[in-house]
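A.B. asks: sequence-free structure coming up:
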């Protein structure tokens, strides 16, 4: 468990470090200038010009400082999401877990590892914690809210490193860490949108890319039976499908903010419930389709779902 403990400690440091430089609760500060001068002729004009020049320098300095703080917040957000996204490596980490963390029965367990349920449980916990993030942000601001989520993530992963059983590991890593992910997840998006109001698409993703990505994903899924005939085409199709899945998922915050404005973060929390629910229901539905028509039916149904998503997006424009 040594390598996993080291990884968990490193992740806790990353998420706590990333939370620190996020933007304050208020929107990007604007410099208020007060000008004035004598009521006399030339002297008054010269004084007003001097005040305007000084005000322009102060405005430029404030703009540079705000941009620097915004960039620092953006880097912090990247670190937080790096720690949040580490949960998707669990499929690889479970191979290195000791026997007592692979099965509910402990080291005497056998067969497929029960620890495969850890990732779905994390996603459910994240789904539960995401609505809390925007609510806490209104009272605490994004920095303190992100720090709270990062603290939960850090405590969860460090406690999981010494868990004596799979059940206690799930409580520490799947529940505590997952809730922390949900609380902190949207803070970089909210802060980035405030520091760079004219570049929300750069910070959160471009909604214009959603339809092409979903169409490419749907086409790849529908063609998967034919593409699977060759190892090379199978590999390329898998990469394309996962690329589109990650790309479209990253666009949801931008679309929510574009349509719902300031309430976009709360709406995105509702949208994420589909992702969390699919983590549990997806394997069940896939197994049912697999028994009825094999992998061709599974990929065909998923491809049609992608086309349906693209159609709904176009209809909502």
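C.D. replies: Looks like it came in fine. Predicted model, so just to flag it, every value in this text is computed and none were measured.

A.B. asks: mind listing the helices for the stretch 201-317 of the chain?
C.D. replies: 210-222, 224-227, 231-260, 264-315 (DSSP state H, counting those that start in this stretch).

A.B. asks: switch the ones you listed over to a markdown table; also include mean pLDDT, mean neighbour count and distance to residue 73.
C.D. replies: C-beta here means a position set from N, CA and C on the backbone, and glycine is covered the same way. Formatted as a markdown table, the helices of the stretch 201-317 of the chain follow (pLDDT from 0 to 100; neighbours: other C-beta atoms under 10 Å; distance: least, C-beta to C-beta, whole Å):
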| stretch | mean pLDDT | mean neighbour count | distance to residue 73 |
| --- | --- | --- | --- |
| helix 210-222 | 73 | 20 | 25 |
| helix 224-227 | 79 | 17 | 40 |
| helix 231-260 | 79 | 17 | 15 |
| helix 264-315 | 82 | 15 | 15 |
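
A.B. asks: now distance to residue 171 too, for those helices, in a markdown table please.
C.D. replies: Output for the helices of the stretch 201-317 of the chain, formatted as a markdown table (distance: least, C-beta to C-beta, whole Å):
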| stretch | distance to residue 171 |
| --- | --- |
| helix 210-222 | 35 |
| helix 224-227 | 38 |
| helix 231-260 | 27 |
| helix 264-315 | 18 |
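
A.B. asks: of the ones you listed, which is nearest residue 185?
C.D. replies: helix 264-315 (8.3 Å; C-beta to C-beta).

A.B. asks: chain center to that closest one, what's the gap?
C.D. replies: 19 Å (C-alpha atoms, centre = their mean, to the nearest Å).

A.B. asks: ditto for stretch 174-183
C.D. replies: That offset, for stretch 174-183, works out to 12 Å (C-alpha atoms, centre = their mean).

A.B. asks: contact partners of that stretch?
C.D. replies: Stretch 174-183 is contacted from outside by 15, 84, 87, 118, 121-133, 136, 145, 148-157, 159-160, using C-beta atoms under 8 Å, 6 or more residues apart in numbering.

A.B. asks: and the residues you listed, which of them are buried?
C.D. replies: Buried members of the contacts of stretch 174-183, scored by 16 or more other C-beta atoms under 10 Å, are 15, 84, 87, 118, 121-133, 136, 145, 148-154, 156-157, 159-160.

A.B. asks: distance check, the nearest residue to residue 299 once chain neighbours are set aside against residue 83.
C.D. replies: Spatial nearest neighbour of residue 299, chain neighbours left out: residue 224 (4.1 Å); criterion: C-beta to C-beta, 6 or more residues apart in numbering. From residue 224 across to residue 83, the span is 32 Å (C-beta to C-beta, to the nearest Å).

A.B. asks: just residue 301 next, same as before
C.D. replies: 34 Å.

A.B. asks: got it, and residue 112?
C.D. replies: Taken as C-beta to C-beta, the span from residue 112 to residue 83 is 28 Å.

A.B. asks: settle it for me: which of these two has more neighbours?
C.D. replies: residue 83 (28 against 9; other C-beta atoms under 10 Å).

A.B. asks: which element is the more buried one on?
C.D. replies: helix 42-85 (DSSP states H and E).

A.B. asks: name the next helix or strand downstream of that helix, please.
C.D. replies: According to DSSP H and E, the helix or strand after helix 42-85 is helix 90-93.

A.B. asks: buried ones in that following helix?
C.D. replies: Neighbour-count burial for helix 90-93 [16+ other C-beta under 10 Å]: 90, 93.

A.B. asks: off-centre distance for it?
C.D. replies: The answer for helix 90-93 is 19 Å, by C-alpha atoms, centre = their mean.

A.B. asks: packing partners of it?
C.D. replies: Helix 90-93 sits against helix 118-129, with contacts defined as 3 or more C-beta pairs under 8 Å, 6 or more residues apart in numbering; DSSP states H and E.

A.B. asks: what is the orientation angle of the helix it packs on with helix 264-315?
C.D. replies: 110 degrees (axes from the mean of the first three to the mean of the last three C-alpha atoms, to 10 degrees).
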